[in-house]
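Asks: Structure of the sequence below:
(2 chains)
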There are 2 protein chains.
Amino acid sequence: MEKVFVIKIGGNIIDDEVKLAAFLQEFAGIFGSSASTPHKPLGILVHGGGKLATRLAAELGIQQQLVDGRRITDAETLKIVTMVYAGYINKNMVAQLQSYNCNAIGLSGADGNIIQAHKRVHASIDYGFVGDVDSVDVSFIQSLLNRQLSVVLAPVTHDKQGQLLNTNADTIAQETAKALTGIYDVQLVYSFEKSGVLLDVADEASVIPVLNYTYYQQLKTPQPGSGEPKIFAGMIPKLDNAFAALNSGVQKVIIGKAEQLHQLINGTAGTTIVHE
Amino acid sequence: MEKVFVIKIGGNIIDDEVKLAAFLQEFAGIFGSSASTPHKPLGILVHGGGKLATRLAAELGIQQQLVDGRRITDAETLKIVTMVYAGYINKNMVAQLQSYNCNAIGLSGADGNIIQAHKRVHASIDYGFVGDVDSVDVSFIQSLLNRQLSVVLAPVTHDKQGQLLNTNADTIAQETAKALTGIYDVQLVYSFEKSGVLLDVADEASVIPVLNYTYYQQLKTPQPGSGEPKIFAGMIPKLDNAFAALNSGVQKVIIGKAEQLHQLINGTAGTTIVHE
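Replies: Numbering: from 1, shown residues only, chains lettered A, B, ... in the order given. Predicted coordinates for the structure are as follows:
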């Protein structure tokens, strides 16, 4: 089966113009096809929002609502999310990729009905216009990849009833990766500001190169002295999702630094999450 | 040859939520394909910006610069244009069309390198980030239309050097229509708030049903009494463009009211511009 890489790029890179340009240039070098080099691996880029949306909301005097640390998406916030994520960030990334000879296409979940979602249902919290993914149109993605296009997905979906929905970019990456299994050999890359999953959160050199489920369970166990797990608590949801993706047929999940995209893909940097 | 309609929708409709919804529902009824009705005519929708961009700029304290009545697109204005046109308006239109069972895809010119442009060169005025169209990728548009997708184009292009450019929506519609001739039987529809080309601008009932080049030259001639042409001066650039499109192989240009889309396409409303 042909390989597809689904690459999530985190917010910190998006906020840094120089780092973002370097990342996109590297992405283009790996995935960008042209008439002379038509057989590069296939790439899907999923981006979050960075701080621009927060800044714009502040400038417009729109209050951010948080419930249990989760951002609530009211109508005004959704408007900003749509403008900034699906508009400004998505189109600028695509234009930059084009300049590096990577033929990219930027899409929201509404475009071609590529990702359909529903407004989140929760017993006690109304998250507002937040979407949980129902389906990903694999056949449409495949037709774009077949044209040697790199697909750039914004974290905005829709409910097929006319409502756009704010959707977590990690989730978009994971659901897209899962949907493509069976047709492609899918690898999911979470690129962010850290070098990988660290044994010691204060030490960037303590990257765990390969993490399997058994080892992960050990690292999650509270330690005798501190009562804390050995692994950084903030990584646990990401890793739980990574193992869920593997259970759904994704071949590999790789977590690491955005600046090392090439090495992440080659398995020479970051943490590779594997079944066993 | 198969028919394609390229439909430009004007700003006044975009600003009116109720009229816009009605227009999109009508568009979906004409062009929206589904498994049960796969053989509808092919449609491309080109939208302008409406007043939302101006309003957002005002809220953010960004001054609009005008030179000779032309809006200058500085970096801050381009940011707003990208957010509002390619983000908010484009994605909301697509989501609405999806809700009416019309599988639509919203694109800027950067997406799939669909419309490449260059920064406008002018002897005395620096228009800023305004783009004049160089090329339209017909083969990519064709592949989308072949998948029964309705293409929704935002008036934002790029220069293939990483720069997004603000581009007039009438021009996008015209250049797209021209590029598609030879492959399709192309009809170009300019839908706006008037019922068509009027003999008397104050009388909505004075629509000229068919306007050929000879008649147009007569209407453009300054009248003996007033020294004014019989036709409304504001229509002249639109009509010059319409005849240019016909000269480039577009079959028909139709100008009329957005609320009458069905009749415009059937030739029972609006003004049809023809060669002779």
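
Asks: how far away is the residue in chain A sticking out farthest from the centre from B:P224?
Replies: Going by Cα atoms, centre = their mean, the residue of chain A most distant from its centre is A:G225, 35.3 Å out. According to Cβ to Cβ, to the nearest Å, A:G225 and B:P224 sit 101 Å apart. (Each C-beta comes from the backbone N, C-alpha and C, glycine too.)

Asks: Let me see the contact set for A:E259.
Replies: Each residue near A:E259 by Cβ atoms under 8 Å, 6 or more residues apart in numbering or on different chains is listed here: A:K19, A:A22, A:F23.

Asks: what's the pLDDT at it?
Replies: pLDDT, A:E259: 93.

Asks: ok, is the longest helix along chain A in contact with chain B or not?
Replies: Longest helix in chain A by number of residues (criterion: DSSP state H): helix A:17-31. No: on the criterion Cβ under 8 Å from any Cβ of the partner chain, helix A:17-31 is out of touch with chain B, staying 8.5 Å away.

Asks: Could you report the separation of the residue of the stretch 1-150 of chain A found nearest chain B from A:Q161?
Replies: Nearest to chain B, among the residues of the stretch 1-150 of chain A, is A:G87, at 1.9 Å (Cβ to the nearest Cβ). Distance of A:G87 to A:Q161, computed by Cβ to Cβ: 22 Å.

Asks: So between the two, which is more surrounded?
Replies: Comparing A:G87 with A:Q161 by other Cβ atoms under 10 Å in any protein chain shown, the one with more neighbours is A:G87, at 32 against 11.

Asks: Nearest residue to the residue of the stretch 1-150 of chain A closest to chain B in space, ignoring adjacent ones along the chain?
Replies: Distances taken as Cβ to Cβ, 6 or more residues apart in numbering or on different chains put B:G87 closest to A:G87, at 1.9 Å, once the chain neighbours are dropped.

Asks: My read is that that neighbour contacts A:I80, right?
Replies: No: assessed by Cβ atoms under 8 Å, B:G87 is found out of contact with A:I80, at 9.5 Å.

Asks: Just say helix, strand or coil for the single nearest residue of the stretch 101-250 of chain A relative to chain B.
Replies: Closest contact between the stretch 101-250 of chain A and chain B, by Cβ to the nearest Cβ, is at A:G162 (3.6 Å). Under DSSP: H, G, I helix; E, B strand; the rest coil, the three-state class of A:G162 is coil.

Asks: give the contact list for it.
Replies: Shown in contact with A:G162 (Cβ under 8 Å, 6+ apart): B:A95, B:Q96, B:Q98, B:S99.

Asks: nearest residue to it other than its sequence neighbours?
Replies: Distances taken as Cβ to Cβ, 6+ apart place B:S99 nearest to A:G162, at 3.6 Å, with adjacent residues excluded.

Asks: surely that neighbour meets A:K160?
Replies: Yes: B:S99 is within contact range of A:K160, at 6.3 Å (criterion: Cβ under 8 Å).

Asks: re the thing from before, let me see the contact set for the residue nearest to A:G87.
Replies: So B:G87 contacts A:T82, A:M83, A:V84, A:Y85, A:A86, A:G87, A:Y88, A:N90, A:K91 (Cβ under 8 Å, 6+ apart).

Asks: got the contact list for the third one?
Replies: So the one you mean is A:V84. Contacts of A:V84 by Cβ under 8 Å, 6+ apart are A:G49, A:L52, A:A53, A:L56, B:M83, B:G87.

Asks: Next one: it, what pLDDT does it get?
Replies: Looking at A:V84, its pLDDT stands at 96.

Asks: and it, helix, strand or coil?
Replies: Following three-state DSSP, A:V84 is assigned to helix.

Asks: which bits of chain A sit near chain B?
Replies: Residues of chain A lying close to chain B by Cβ under 8 Å from any Cβ are A:59-60, A:79, A:82-88, A:90-92, A:94-96, A:98-99, A:103-108, A:110-113, A:140, A:143, A:147, A:149, A:156, A:158, A:160-164.

Asks: So among these, which ones count as buried?
Replies: Among the residues of chain A next to chain B, those classed as buried by 16 or more other Cβ atoms under 10 Å in any protein chain shown are A:79, A:82-88, A:90-92, A:94-96, A:98-99, A:103-108, A:110-113, A:140, A:143, A:149, A:156, A:158, A:160, A:162-164.

Asks: Narrow those residues to those in helices?
Replies: Those of those mapping onto helices are A:K79, A:N90, A:K91, A:N92, A:V94, A:A95, A:Q96, A:Q98, A:S99, A:F140, A:S143, per DSSP H.

Asks: could I get the residues you listed as a markdown table with distance to A:K3?
Replies: Below are these laid out as a markdown table (distance: Cβ to Cβ, whole Å):
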| residue | distance to A:K3 |
| --- | --- |
| A:K79 | 38 |
| A:N90 | 24 |
| A:K91 | 27 |
| A:N92 | 27 |
| A:V94 | 22 |
| A:A95 | 26 |
| A:Q96 | 24 |
| A:Q98 | 23 |
| A:S99 | 25 |
| A:F140 | 19 |
| A:S143 | 18 |
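
Asks: Same list (those residues) but as CSV, adding pLDDT.
Replies: Below are those laid out as CSV (pLDDT from 0 to 100):
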residue, pLDDT
A:K79, 95
A:N90, 98
A:K91, 98
A:N92, 98
A:V94, 98
A:A95, 98
A:Q96, 98
A:Q98, 97
A:S99, 97
A:F140, 97
A:S143, 96
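
Asks: ok, back up a step: report the separation between the residue farthest from the centre of chain A and B:P222.
Replies: Taking Cβ to Cβ, one finds A:G225 at 94 Å from B:P222.

Asks: Repeat that for A:V67.
Replies: From A:V67 to B:P222 the distance is 67 Å (Cβ to Cβ).

Asks: Those two: which has the busier surroundings?
Replies: Between A:V67 and B:P222, counted using other Cβ under 10 Å, A:V67 has the larger neighbour count: 13 against 10.

Asks: Name the nearest residue to the more buried one, sequence neighbours excluded.
Replies: Spatial nearest neighbour of A:V67, chain neighbours left out: A:I125 (5.1 Å); criterion: Cβ to Cβ, 6+ apart.

Asks: And A:G32, by the same measure?
Replies: In this structure, A:G32 finds its nearest non-sequential neighbour in A:C102, 2.9 Å apart by Cβ to Cβ, 6+ apart.

Asks: that older thread, quick one, the longest helix of chain A and helix A:90-99 angle?
Replies: Using axes from the mean of the first three to the mean of the last three Cα atoms, to 10 degrees, the inter-axis angle of helix A:17-31 relative to helix A:90-99 is 60 degrees.

Asks: And helix A:17-31, how far out from the chain middle?
Replies: Distance, stretch centre to chain centre, for helix A:17-31: 16 Å (Cα atoms, centre = their mean, to the nearest Å).

Asks: Likewise for stretch A:71-86?
Replies: Centroid displacement of stretch A:71-86 relative to its chain, using Cα atoms, centre = their mean, is 18 Å.

Asks: That stretch: end-to-end distance?
Replies: One end of stretch A:71-86 to the other measures 18 Å (Cα to Cα, to the nearest Å).

Asks: which one of the ones in helices among the buried ones among the residues of chain A next to chain B sits closest to B:Y215?
Replies: B:Y215 has its nearest neighbour among these in A:K91, at 42.2 Å by Cβ to Cβ.

Asks: care to break chain A down by domain?
Replies: With domains defined by automatic domain parsing, chain A comprises A:1-189, A:194-276.

Asks: among those domains, which is nearest B:G11?
Replies: Judged by Cβ to Cβ, the one of the domains of chain A that comes nearest to B:G11 is domain A:1-189, at 17.6 Å.
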